[in-house]
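> Sequence first, predicted model second:
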Amino acid sequence: MFEPRHAPLVPRDVFLRRLAVHGGYVAALLAFSIVLGIAGFHYLAGEAPIDALLNSAMLLGGMGPVGEIRFTAGKLFASFYSLYAGLVFIGGSTILLAPVLHRFMHRFHLEDEDQSRS
């Protein structure tokens, strides 16, 4: 997906496009996760759609659920969704940072090769 170690550093516009594509992947993952959370909180916890959206967004943001969850199915869903939300946070951060870290490491290796040739 990225250029190999010995290839030159890609131009800035290619890097920014790569960053935008990865941002799109994360946006799609977050949209899917929000919809999944809204459906779960609405149907399993018996919450109104706006409250389900609030709980989904709060869990995906790392804050925790808002309000009382009365049903056992809703509590179980909230437990598993919170674990899922933590993985989405870590995975989304990794997807976003991959092009940046790759560019940094690629530049570091190019500089290292230039110094070893001199």
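Everything's here; your move.
> pLDDT averaged over the lengthiest helix in the chain, what's the number?
Of all segments of type helix in the chain, defined using DSSP state H, the longest is helix 72-117. Averaging pLDDT along helix 72-117 yields 87.
> In contact with the residue most central in space within the chain: list those residues for me.
Centroid-nearest residue in the chain, with CA atoms, centre = their mean: residue 92, separated by 1.6 Å. Applying CB atoms under 8 Å, 6 or more residues apart in numbering to residue 92 gives the contacts 26, 29-30. (Each C-beta comes from the backbone N, C-alpha and C, glycine too.)
> and of the residues you listed, the nearest to residue 84?
Comparing the contacts of residue 92 against residue 84 with CB to CB picks out residue 29 as the nearest, at 11.0 Å.
> and the host helix or strand of the closest one, which residues are buried?
Here residue 29, judged by DSSP states H and E, is contained in helix 12-43. Of the residues in helix 12-43, 15, 18-19, 22, 26, 33-34, 36-38, 40-42 count as buried by neighbour count, 16 or more other CB atoms under 10 Å.
> which other helices and strands contact it?
In terms of contacts (3 or more CB pairs under 8 Å, 6 or more residues apart in numbering; DSSP states H and E), helix 12-43 is packed against helix 49-60, helix 72-117.
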